[in-house]
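Trainee: Quick one: sequence and predicted model below, then my questions.
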Amino acid sequence: MMRLARLPFPRWVAAVTAAALVCGLLGWRYFYRERPLATLERALGSVARDYHAELGRWQAAERGASFAFGDGVKTGPASEATLALFDSSTLKLEPKTTVRFLDRPPAGSQRARFDVLLGGATLEADQAALEVEFALGGARLEPHTKLHLTPGVAGLKVEVTVGSARLLGSGESLELQVGDAVEIMPDRTFRRLTDPEPQAAAPASARASAAVEAAAAVDATAGAGEPLAPSEKPTSDAAAGTKAAAGLPRGPESVDLTATPGDSFVIHDPAPPSAVGFGTAGCPSGAARLTLASSHGAARETFGAGRVSAALAAGSYRYTIECTAPNGDKNGPVTRGAISVLADAGTRRLAKTAPRTSIDADGRRYTVLYQSLLPAISVAWPNAPDAPSYTLTVNSSGGNRTFTSRRANYAFAAGALGEGEHELRFDAAGRRSRPTGVSIRFDNAAPTASISSPIDGSFAPGASVLVAGAALPGWTVSVAGRTLEQDPQNRFSEEVTAPAGARAVLIRFSHPSRGVHYYLKRSAGK
């Protein structure tokens, strides 16, 4: 036992200070290094882990194993794992998945911080909001929200399967709702996965040019024209001769949708791939080459006479159609467009209330997406000075507006901030908040409609089919060129005849500025 009375006063003070410092450092190390960030709650099959001090030295992980900053965990084939995070949220690993807890924790915080390096994982928040950081950015999950995380082409793919979340990138923020999918890029910007890949080339016709410009601006939703009749099919002899001449594969003989070259649209398909065809009657020889470019891999080509077609998996595509001579040489006009295919049965309920979003006047650029009703937005000034009143200035394309509040926050009612770009700032007590950008945009990945009938695969070709559901305000609904009437609640319900020679009923939704969406319902056996 130390006898403090025998130490001179200065040495006694130094000893106590040193002991306190050592205890503090040990406590810090315990909190940040030894207190587990996650615990292996469930292991199915082969689950392994490594430690920060011995990266890559994998060993079997048993139930109850704990993980600290820098540690990793991985699952083998046909294996799964569930990690309980420190705040009762969970991280579920799919087969062949590797996750690593990042090594540098935020100062004064123990928020979840990890990356999904391989495979896929689902992060689920518990009853409280969860803040998480990845190597490329951060996110805030509302209670009970689920995020599906997978490595992307260049960054990290994030998809909301339940609830809502906000992504925080480099100087901007993005609100996500159920069904939204985004890739966080290496520069900490966001790329919506329903956006078409940019393709630099100008079309030869004014119609194709308009389609490409609109697709680039509004997520491949701009387009024009009804699909061509299913009877416009290539003859077998012509198609065979084309293949022999061009040396390129043909697309599928039977298609779900036949479109006009230059059209841009979105397909909602319960079970992609979607077979899409384009008529080639506008080509001098009646033959054409279809080139498809996407983020999923190298460009691919098909060839056809009378019609050129391809099967499209879920994703976004830019296409080019070049008229050719029978020997494959270019011969005539070139058209371009964009197509997005969504794995969507069209049964999701439409939003009936305006979304509510809270933002900070912190100098970031916030992107707020809405579906049917413009959002209600609350803005707060963090670390604001004490003042009897605060002035909020909003600079929009329509001019400047000012609002006064007794507190350092202000709540805009739904629709008070219109679609477009806004800049907000607070002023009080001789100080000013950082100018903060707010971009309000229509969510092109949101459901355009909710289809209650028909059910996919429930009817025969040529049968009478009830087409019923509801659309968002402003959309026109049609089937085979026939417009369906809508009631004041935008509901529709009419009997149509399923085309005898086609694979599917196409329910077409068009909007003056949102473009064209097709909801596809296949007949039985197709």
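Mentor: Received, thanks.

Trainee: what bits of the stretch 101-250 of the chain have low per-residue confidence?
Mentor: Filtered on pLDDT under 70, the stretch 101-250 of the chain yields the residue ranges 103-111, 153, 170-171, 194-246.

Trainee: Could you break this protein into its assigned domains?
Mentor: The chain resolves into domains spanning 31-192, 206-343, 356-442, 449-522 when parsed by automatic domain parsing.

Trainee: out of those domains, which comes closest to Leu350?
Mentor: domain 449-522 (5.1 Å; CB to CB). All C-beta atoms are positioned from the backbone trio N, CA, C, and that covers glycine.

Trainee: what's the span of the closest one, first residue to last?
Mentor: Distance between the boundary residues of domain 449-522 (CA to CA, to the nearest Å) amounts to 17 Å.

Trainee: what separates that domain from the chain centre, distance-wise?
Mentor: For domain 449-522, the distance from its own C-alpha centre to the chain's C-alpha centre is 25 Å (CA atoms, centre = their mean, to the nearest Å).

Trainee: If I follow the layout properly, Ser316 ends up in contact with Leu292?
Mentor: No - here Ser316 does not reach Leu292: they are 10.6 Å apart, not a contact under CB atoms under 8 Å.

Trainee: Which one's more surrounded, those two?
Mentor: Taking other CB atoms under 10 Å, Ser316 and Leu292 do not tie; Ser316 has more neighbours (24 against 20).

Trainee: measure the more buried one to Val266 for me?
Mentor: In this view, Ser316 and Val266 are 9 Å apart by CB to CB, to the nearest Å.

Trainee: Then Trp381?
Mentor: 39 Å.

Trainee: Low-confidence stretches in the stretch 251-400 of the chain?
Mentor: Checking the stretch 251-400 of the chain against pLDDT under 70 turns up 295-297, 326-328.

Trainee: What segments of it are helices?
Mentor: Ranges of helices within the stretch 251-400 of the chain: none, based on DSSP state H, counting those that start in this stretch.

Trainee: Out of the domains of the chain, which is the most enclosed?
Mentor: Of these, the one with the most neighbours on average (mean count of other CB atoms under 10 Å) is domain 206-343, at a mean of 20.

Trainee: so where do the helices sit in the protein?
Mentor: Assigned by DSSP state H, the chain shows helices spanning 9-29, 206-217, 236-246.

Trainee: Pick out the residue nearest the middle of this structure.
Mentor: Ala181 (1.8 Å; CA atoms, centre = their mean).

Trainee: can I assume Leu424 is in contact with Pro435?
Mentor: Yes - look at Leu424 against Pro435 with CB under 8 Å: they come within range, at 7.3 Å.

Trainee: Kindly provide the distance from the residue nearest to the centre of the chain to Arg491.
Mentor: Taken as CB to CB, the span from Ala181 to Arg491 is 29 Å.

Trainee: Could you double-check that the residue nearest to the centre of the chain sits in contact with Ala165?
Mentor: No - counting by CB under 8 Å, Ala181 does not reach Ala165; the two are 11.6 Å apart.

Trainee: Now the common contact residues for these two.
Mentor: Common neighbours of Ala181 and Ala165, counting by CB atoms under 8 Å, 6 or more residues apart in numbering, are Val158.

Trainee: Which strand residues bridge the nearest residue to Leu156 once chain neighbours are set aside?
Mentor: Among residues not flanking Leu156 along the chain, Ile184 sits closest, at 4.8 Å (CB to CB, 6 or more residues apart in numbering). Counting by DSSP bridges, Ile184 is bridged to Leu156, Phe190.

Trainee: Please look at Ile184 and Gly137 and confirm they touch.
Mentor: Yes - assessed by CB under 8 Å, Ile184 is found in contact with Gly137 at 5.0 Å.

Trainee: Can you work out which residues contact both of those two?
Mentor: Jointly contacting Ile184 and Gly137 under the rule CB under 8 Å, 6+ apart are 167, 169.

Trainee: what residues does stretch 456-469 touch?
Mentor: Stretch 456-469 is contacted from outside by 270-271, 345-346, 449-454, 479, 484, 491-502, 505, 507, 521-526, using CB under 8 Å, 6+ apart.

Trainee: Which ones among the residues you listed map onto strands?
Mentor: Of the positions in the contacts of stretch 456-469, 449-453, 479, 484, 491-497, 505, 507, 521-522 sit in strands, assigned by DSSP state E.

Trainee: quick one, what contacts Val160?
Mentor: Counting by CB under 8 Å, 6+ apart, the residues that Val160 touches are 145-147, 176-181.

Trainee: at 10 Å instead, please
Mentor: Applying CB atoms under 10 Å, 6 or more residues apart in numbering to Val160 gives the contacts 139, 141-142, 145-148, 167, 175-182.

Trainee: same thing with Ile359?
Mentor: Going by CB under 10 Å, 6+ apart, the list of residues near Ile359 reads 166, 173, 175, 366, 368, 377-380, 424, 436-438.

Trainee: now these as a markdown table including distance to Arg57?
Mentor: Listed next are these as a markdown table, based on distance: CB to CB, whole Å:
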| residue | distance to Arg57 |
| --- | --- |
| Arg166 | 37 |
| Ser173 | 39 |
| Glu175 | 41 |
| Tyr366 | 43 |
| Val368 | 46 |
| Ile377 | 50 |
| Ser378 | 49 |
| Val379 | 49 |
| Ala380 | 47 |
| Leu424 | 51 |
| Thr436 | 46 |
| Gly437 | 47 |
| Val438 | 48 |
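
Trainee: Of the residues you listed, just say which sits nearest to Val394.
Mentor: Looking across the contacts of Ile359 and measuring by CB to CB, the closest to Val394 is Leu424, at 5.5 Å.

Trainee: ok, back up a step: of the contacts of Val160, which is the nearest to Thr391?
Mentor: Using CB to CB, Glu175 comes nearest to Thr391 of the contacts of Val160, at 26.0 Å.

Trainee: how near is Ser372 to Leu472?
Mentor: Distance from Ser372 to Leu472, by CB to CB: 5 Å.

Trainee: list the residues that contact both of these two?
Mentor: With CB under 10 Å, 6+ apart as the test, Ser372 and Leu472 both reach 350-351, 442, 446-448, 490.

Trainee: from those, which two are the most distant?
Mentor: Phe442 and Asn490 (16.2 Å).
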